[in-house]
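Visitor: here are the coordinates; sequence isn't available:
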């Protein structure tokens with residue numbers, strides 16, 4: 001996996017906590033991965049798969065570029081933690097972060113399915129299951 005210079009310097013800056021609280025590098029890596037996981041499709045791309053200005057996942061852009069055997073032009077976007085959490089394919093993850101009723105109502109009206117691929121969705125489901133067993 002390629003680690004960008006930004007990510008390396010970000011890890012180093014955060015790792016040196018001024019408050020004296022120790023933060024494990026794994027937690028920092030997860031946060032950095034989330035806030036750097038989206039790209040903005042640029043207008044100079046030749047692909048008809050994505051619209052210019054569309055915000056998509058970095059892995060999805062790279063995968064589609066390989067499948068289509070054509071370069072998809074994009075630039076990495078640094079999202080804030082709130083926006084990164086709300087901009088996910090999982091509506092359960094999105095609902096657990098903020099505006100729960102609105103997110104769940106919108107997902108129900110659109111007939112969305114959450115495949116529970118992420119850690120957060122599975123953790124939430126596990127907690128619910130444990131509470132029902134009590």
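Guide: Here it is on my side, so go on. Computed from a prediction, not measured in an experiment: that's the story for all the values here.

Visitor: Please, where are all the helices along the chain?
Guide: 5-15, 25-35, 58-68, 81-86, 91-97, 100-110, 119-133 (DSSP state H).

Visitor: and the shortest one, what's its mean pLDDT?
Guide: Spelled out, that is helix 81-86. Averaged across helix 81-86, the pLDDT comes to 72.

Visitor: cool, the second one as well?
Guide: Model confidence over helix 25-35 averages 81 on the pLDDT scale.

Visitor: Any idea which of the helices of the chain has the lowest pLDDT on average?
Guide: When these are compared by mean pLDDT, helix 119-133 comes last with a mean of 51.

Visitor: list the buried ones in stretch 36-54?
Guide: If you call a residue buried by 16 or more other Cβ atoms under 10 Å, then stretch 36-54 has these buried ones: 36-41, 45, 47, 49-50. (Each C-beta comes from the backbone N, C-alpha and C, glycine too.)

Visitor: before we move on, what about stretch 105-118?
Guide: Of the residues in stretch 105-118, 107, 114 count as buried by neighbour count, 16+ other Cβ under 10 Å.

Visitor: What residue spans form the domains of this structure?
Guide: Under automatic domain parsing, the residue ranges defining each domain of the chain are 1-36, 38-87, 89-134.

Visitor: Report how many residues lie close to the residue nearest to residue 37 when sequence neighbours are not counted.
Guide: If the residues on either side of it in the chain are set aside, residue 37 comes closest to residue 58, at 5.5 Å by Cβ to Cβ, 6 or more residues apart in numbering. Counted with other Cβ atoms under 10 Å, the neighbours of residue 58 add up to 15.

Visitor: Help me confirm that residue 84 comes into contact with residue 37.
Guide: Yes. In this structure, residue 84 is within contact of residue 37 by Cβ atoms under 8 Å, at 7.0 Å.
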